[in-house]
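J.: Everything below, folded, please.
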Amino acid sequence: MKFVNFAIVRFSGFLVAGILVAHYFPITIFISEFLIASLIGACLLWYLARHQLIQNIYFGTVVYLCFFTIGYLSYQAREPNFQPKHYLNSASPENHLIELKIRESIKPDPFNTRYFADVQAIDGKSSKGKILVSISNNNEVKSYLSDEILLVYTPILEIPKSLNPHQFDYANYLKNLEVYGQIRISHKDILLSKIGSKTVFGQAQNFRAQAINKLKMTEISPDERAIIQALVLGEKKDISKQLYEEYAAAGAVHILAVSGLHVGILFYILGFVFNPLKRWKYGAILHSIIIVVLLWGFALLSGLSPSVTRAVTMFSFFALAQILARRTSSINTLFLSFLTLLIINPMWLFQVGFQLSYLAVFFILWLNPLLYKVTYSKHKILRKAKGIIGVTISAQLGVLPLSLYYFHQFPGLFLLTNIVVLPALSIYMVGGIIIVLLSLFEALPNWLAATYNFMVEWLNAFIHWVAVQDNFLFKDIHFSNIKVFATYLLIFTSFLYLRKMEHRKLSLALLSVIILISVYIFDDYKTSTSEVVIFHKYKATIIGHKNGSKLNVFKKDSGESLRESFPIKAYKVQVGTKKYLEAPLPNVFRVKQKNIVLVDSHNVLPKQQKINMVLLSESPRINMNRLIDSLNPEQIIADGSNFPSYVRRWKESCESKKLPFHYTGEQGAFVIK
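T.: Numbering: from 1, shown residues only. The predicted structure follows:
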């Protein structure tokens with residue numbers, strides 16, 4: 001890796017460490033002041049030692065601590081606790097007069113249109129913070145533009161956390177987007193709406209919305225139009241669930257999210273188109289400036305979405321490196337953009353798209369040159385084909401451990417998919433940009449729209465054909481976070497050895513193999529424990545009994561299997577289930593020397609000498625005081641199949657008798673280990 005500036009890599013590592021410490025291990029104010037003092041000390045040491053050719057170890061230590069401090073403080077500054085005007089610090093559970101400014105629309109649910117908005121004021125006092133707004137579609141469906149101001153009278157609600165173990169935590173996902181609360185209203189709750197002061201982001205969002213509306217007026221069919229919107233405008237809301245799942249199964253879902261891949265393709269296309277400018281005296285500078293301007297124009301066209309903005313920023317650094325014409329490595333430029341973006345917004349580190357994008361680009365820059373040397377051919381066509389294969393393998397290998405961790409599946413035909421799709425992606429992108437621009441000016445010829453529609457139809461048909469090859473799609477793969485780190489360690493040490501075969505590097509590679517095997521053994525041991533889970537599901541009673549790698553699920557009805565449905569699907573993958581069975585729910589369930597008695601709508605109380613827990617199901621009409629006196633249980637549990645009004649009454653009775661009461665709708669699933 002010639003010309004790699006490892007200082008930039010180390011700076012990035014300490015910055016990331018500071019962000020992670022602030023995220024997972026919040027530190028006291030005293031420590032924060034100490035870190036600020038170290039930052040000041042680093043500046044002072046730099047001033048005193050700036051003329052020294054060789055710096056001492058203390059200077060280096062303080063510099064690294066400085067980047068750690070920047071990461072920690074930049075993350076901490078975005079926390080609501082450190083923002084006095086944040087709405088979480090001023091809003092109580094009661095109704096408030098809230099002034100909102102619409103930021104962007106997001107994917108609606110079946111009953112609500114939804115937006116991200118910025119809180120401007122609460123009860124006439126200046127406030128700030130990003131919030132989720134859900135507007136019900138009961139009486140009318142009306143959309144609001146970005147930068148539009150709404151005045152509403154409503155409480156600010158907490159975003160509910162996941163109530164079942166190992167499920168997707170939407171509240172945590174929104175937290176990484178700096179959204180900490182929500183409001184749920186109808187159109188009649190909006191007291192006033194008006195256009196607010198214009199912002200660049202808002203104008204970009206509205207421009208994208210206008211482009212989508214113009215596309216809807218063309219003869220392009222809905223599924224194909226949704227793909228164009230995703231490829232060019234970064235808008236995935238209109239992609240059907242079935243079509244999205246097919247792209248995921250085929251290993252091509254990455255082309256539906258405008259990111260580093262798309263911007264990289266555009267970067268190289270623009271570089272090729274404007275390459276003749278380099279013949280002039282200052283042509284190289286003009287060449288790079290034009291590319292940067294057009295890339296940011298593409299970002300504006302796609303609504304300045306975070307993923308596109310990050311990718312354009314990354315490749316703007318590559319263009320800047322061309323202007324400076326310095327001997328350096330692309331990896332330097334990559335880490336410099338990585339460092340800059342995390343200083344701007346440390347929350348991006350926890351977004352899946354950011355992680356996958358940078359890993360894919362890094363592995364292409366680091367690994368692909370080695371693969372290219374190994375597979376070099378004199379024939380130009382073979383070199384091009386092997387180049388595509390090398391880029392695909394490098395990127396896929398880079399994101400594979402993280403993809404298995406997040407998505408638990410591996411498309412076996414990803415290489416075939418990318419060999420076909422990647423060469424044509426530049427044509428689809430350029431064609432899509434032309435289609436969007438012509439439709440904006442209402443100058444899109446029908447023949448061109450029909451031609452592009454046919455091209456996208458062919459792409460969707462190919463993706464569908466690959467997706468239905470079920471034997472090549474490996475699903476429900478259990479992959480823990482420690483397996484991710486161990487796998488990356490093996491990948492890095494193995495390819496370091498292949499780059500330069502030395503005894504020391506071979507030892508590291510073999511050691512990483514031992515570590516990975518040990519991690520698999522430890523993970524199997526960790527998931528071999530036993531537990532019973534009373535899940536929370538609306539209008540349903542479900543009990544899961546995990547015994548090692550075997551999962552027995554007990555349910556009320558004998559209808560459709562729960563194997564692939566909520567909340568069982570995610571749970572069985574995360575706990576490493578190898579054998580799955582379903583059975584009818586018994587009236588008495590014994591586990592860990594404890595008897596759990598089911599009391600449902602039939603009101604049949606079993607004759608049992610010792611009852612430890614009572615599970616209430618299907619809203620039984622019982623007198624709670626009488627039930628407690630007759631059964632003398634240690635705990636009362638109510639699941640999601642009960643009416644909330646019944647649950648409140650039962651809870652009051654248990655509190656009066658000082659008996660523990662657990663409602664899965666508030667406290668989450670009940671777990672017995």
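J.: got the buried residues for the longest strand along the chain?
T.: Using DSSP state E, we find that the single longest strand of the chain is strand 96-109. Neighbour-count burial for strand 96-109, counted by 16 or more other CB atoms under 10 Å, picks out His96, Ile98, Glu99, Leu100, Lys101, Ile102, Arg103, Glu104, Ser105, Pro108. Every residue, glycine included, has its C-beta placed from N, CA and C.
J.: for the third one, what are its contacts?
T.: Applying CB atoms under 8 Å, 6 or more residues apart in numbering, we find Glu99 in contact with Val119, Gln120, Ala121, Ile122, Ile149, Leu150, Leu151.
J.: Need those residues in JSON lines (columns: distance to Pro346, pLDDT and neighbour count).
T.: Shown next, in JSON lines, are these (distance: CB to CB, whole Å; pLDDT from 0 to 100; neighbours: other CB atoms under 10 Å):
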{"residue": "Val119", "distance to Pro346": "21", "pLDDT": "93", "neighbour count": "25"}
{"residue": "Gln120", "distance to Pro346": "25", "pLDDT": "92", "neighbour count": "18"}
{"residue": "Ala121", "distance to Pro346": "27", "pLDDT": "91", "neighbour count": "19"}
{"residue": "Ile122", "distance to Pro346": "26", "pLDDT": "91", "neighbour count": "20"}
{"residue": "Ile149", "distance to Pro346": "29", "pLDDT": "92", "neighbour count": "18"}
{"residue": "Leu150", "distance to Pro346": "30", "pLDDT": "92", "neighbour count": "24"}
{"residue": "Leu151", "distance to Pro346": "33", "pLDDT": "93", "neighbour count": "16"}
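J.: Out of the residues you listed, the closest to Leu334 would be?
T.: Using CB to CB, Val119 is the member of the contacts of Glu99 that sits closest to Leu334, with 36.0 Å.
J.: Can you give the contact residues for the helix or strand that closest one falls within?
T.: In the assignment (DSSP states H and E), Val119 maps to strand 112-122. For strand 112-122, contacts defined as CB under 8 Å, 6+ apart pick out 87, 90-91, 96-108, 126-137, 141-144, 149-150, 177, 179, 184.
J.: The stretch 551-673 of the chain: helices as residue ranges?
T.: All helices of the stretch 551-673 of the chain, identified by DSSP state H, counting those that start in this stretch, fall at 568-574, 624-631, 644-656, 664-667.
J.: Please parse the protein into its domains.
T.: 6-77, 87-198, 207-360+411-471, 481-526, 533-672 (automatic domain parsing).
J.: Kindly reformat these as CSV containing distance to Tyr405.
T.: What follows is the domains of the chain, written out as CSV (distance: least, CB to CB, whole Å):
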stretch, distance to Tyr405
domain 6-77, 16
domain 87-198, 13
domain 207-360+411-471, 10
domain 481-526, 5
domain 533-672, 11
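J.: Quick check: which of those domains is buried the most?
T.: With neighbours defined as mean count of other CB atoms under 10 Å, the domains of the chain peak in mean count at domain 207-360+411-471, which reaches a mean of 18.
J.: Confidence-wise, which of the domains of the chain is weakest overall?
T.: Note on the domains of the chain: domain 6-77 shows the lowest mean pLDDT, a mean of 73.
J.: Quick check: end-to-end length of it?
T.: Chord length of domain 6-77, first to last residue, is 28 Å (CA to CA, to the nearest Å).
J.: Helix or strand: which one has His484?
T.: Actually, residue 484 is Val rather than His. Counting by DSSP H and E, Val484 is found in helix 481-499.
J.: now Leu215
T.: Judged by DSSP H and E, Leu215 forms part of helix 200-216.
J.: what does the very next helix or strand once past that helix contact?
T.: As assigned by DSSP H and E, the chain's next helix or strand after helix 200-216 is helix 222-233. Residues outside helix 222-233 that contact it (CB under 8 Å, 6+ apart): 208, 211-212, 215-216, 218, 220, 235-236, 238-240, 243, 255-258, 262, 301-303, 428-429, 432-433, 435-436, 452-453, 456-457, 459-460.
J.: can you check stretch 293-305 too?
T.: 104, 200-201, 204-205, 207-209, 211, 232-235, 258, 263, 266-267, 270, 308-309, 312, 315-316, 319, 433, 436.
J.: Including distance to Arg279, could the contacts of Glu99 go into JSON lines?
T.: What follows is the contacts of Glu99, written out as JSON lines (distance: CB to CB, whole Å):
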{"residue": "Val119", "distance to Arg279": "54"}
{"residue": "Gln120", "distance to Arg279": "53"}
{"residue": "Ala121", "distance to Arg279": "57"}
{"residue": "Ile122", "distance to Arg279": "60"}
{"residue": "Ile149", "distance to Arg279": "52"}
{"residue": "Leu150", "distance to Arg279": "55"}
{"residue": "Leu151", "distance to Arg279": "59"}
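J.: what's the spacing between the residue nearest the centre of the chain and Gln76?
T.: Central residue check for the chain by CA atoms, centre = their mean: the C-alpha nearest the mean position is that of Val352, 3.9 Å away. Here the criterion is CB to CB, to the nearest Å. By it, Val352 lies 23 Å from Gln76.
J.: Same question for Asp639.
T.: For Asp639, the distance to Gln76 equals 39 Å [CB to CB].
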